[in-house]
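Colleague: compute the structure for the input listed below.
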Amino acid sequence: MAIDWRTDPGLDALVPAIITCVDCGGRAHLLTIWDESPPAPGDLATYRCADCRDRWDLIVPDLDDPEMADGTRFSDW
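Modeller: Residues are numbered from 1 along each chain as shown. As a prediction, the model looks like this:
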């Protein structure tokens, strides 16, 4: 069974369904669907911007990492 952000609201807290495109400021949508288990730190999350069509491959962060203590989130990258 695949885990999909569209049916699992808890997943959106770790890996947002939509992020802001770094290039154009548009909305980049999550393309990745994980099989069987939720995303873990180090997993790849792929996004595509609806406006400029750029693709973004981002690494799921470890929120328990002390370097993330400044409040940085995946969606802030």
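Colleague: from residue 23, how far off is residue 57?
Modeller: Using C-beta to C-beta, to the nearest Å, we find residue 57 at a distance of 14 Å from residue 23. C-beta: built from backbone N, CA, C; applies to glycine.
Colleague: can you check residue 60 too?
Modeller: 21 Å.
Colleague: who has more neighbours, those two?
Modeller: residue 60 (18 against 13; other C-beta atoms under 10 Å).
Colleague: need the contact list for the more buried one.
Modeller: Contact analysis of residue 60 by C-beta atoms under 8 Å, 6 or more residues apart in numbering lists 14-15, 39-45, 74.
Colleague: what about the residues you listed, which are in helices?
Modeller: residue 14 (DSSP state H).
Colleague: could you give the number of residues near residue 58?
Modeller: The burial count assigned to residue 58 is 18, neighbours taken as other C-beta under 10 Å.
Colleague: ugh, wrong one, I meant residue 21
Modeller: Using other C-beta under 10 Å, residue 21 has 20 other residues around it.
Colleague: relative to residue 15, how far out is the closest residue to it other than its chain neighbours?
Modeller: Spatial nearest neighbour of residue 21, chain neighbours left out: residue 49 (4.0 Å); criterion: C-beta to C-beta, 6 or more residues apart in numbering. Distance of residue 49 to residue 15, computed by C-beta to C-beta: 16 Å.
Colleague: cool, residue 53 as well?
Modeller: 21 Å.
Colleague: cool, and residue 64?
Modeller: For residue 64, the distance to residue 15 - C-beta to C-beta - is 16 Å.
Colleague: who has more neighbours out of those two?
Modeller: Higher neighbour count among residue 64 and residue 15: residue 15, with 21 against 8, using other C-beta under 10 Å.
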